[in-house]
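Asks: Any chance you could fold what I've pasted below:
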Amino acid sequence: MKKVIIYTDGSCQGNPGPGGWAAILRYKKKERVLSGGSPDTTNNRMELNAALQALQALKEPCDVKLHTDSQYLKRAFTDGWVKRWRSNGWMTATRQPVKNQDLWQSLWNETQKHHVQWIKVKAHANNKLNNRVDQLAVKAGKRALHGSGT
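Replies: You can find the predicted model right below:
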């Protein structure tokens, strides 16, 4: 399997509000940058969308190290939340519908194609790629606010 390193981030000006997402995919010496946004969204949707778009961009099953500053996104997979939601008909432990179910379902499907290692990075710290993907997500959110989201 190809070994791919991915950094993702989501951003939202207000919550809800205009938001953006971005991903940097690295394979050997190649790099691909993805970004997009929405004029009316939430930070969590942008975080999830960044990971989803990055995984969907892979053309074959890969060994992925996915870096995120979203504890929510990382823990949903590493702590088994998504697996439980799925087995409970996409309901939480309190029998409430899972928020952002559409994105979680798509993310689940993508993670079944790849071997994904979820890595939590500290937001706004001294991590060059995380800071770069954050800037790209903020720019994508500003584009979405002005009508050119993707």
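Asks: Could you pull out the strands in the protein for me?
Replies: Assigned by DSSP state E, the chain shows strands spanning 2-12, 17-27, 30-41, 62-68, 115-120.
Asks: Quick one: closest of these to Ala144.
Replies: Comparing these by their distance to Ala144 (CB to CB), the top pick is strand 30-41, with 3.0 Å. To be clear about C-beta, it is placed using only N, CA and C from the backbone, and glycine gets the same treatment.
Asks: Quick one: work out the angle between that closest one and strand 2-12.
Replies: Between strand 30-41 and strand 2-12, the angle formed by their directions is 30 degrees, by axes from the mean of the first three to the mean of the last three CA atoms, to 10 degrees.
Asks: Which residue is the nearest non-sequential neighbour of Glu82?
Replies: Just so we're on the same page, residue 82 is Val rather than Glu. Closest residue in space to Val82, ignoring its immediate chain neighbours: Ala76 at 5.0 Å, by CB to CB, 6 or more residues apart in numbering.
Asks: which stretch among the strands of the chain comes nearest Gly89?
Replies: strand 115-120 (23.5 Å).
Asks: Packing partners of that closest one?
Replies: strand 62-68, helix 71-78 (3 or more CB pairs under 8 Å, 6 or more residues apart in numbering; DSSP states H and E).
Asks: next one: the first one to chain centre, how far?
Replies: So the one you mean is strand 62-68. 11 Å (CA atoms, centre = their mean, to the nearest Å).
Asks: Ser11 contacts Asp134, correct?
Replies: Yes. Judged on CB atoms under 8 Å, Ser11 makes contact with Asp134 at a distance of 6.8 Å.
Asks: Those two - which one has more neighbours?
Replies: Remark: of Ser11 and Asp134, Ser11 carries more neighbours, 27 against 21, as counted by other CB atoms under 10 Å.
Asks: what residues are up against the more buried one?
Replies: Ser11 sits next to Gly19, Gly20, Trp21, Asn43, Met46, Asp134, Ala137, Val138, Ala140, Gly141 when contact means CB atoms under 8 Å, 6 or more residues apart in numbering.
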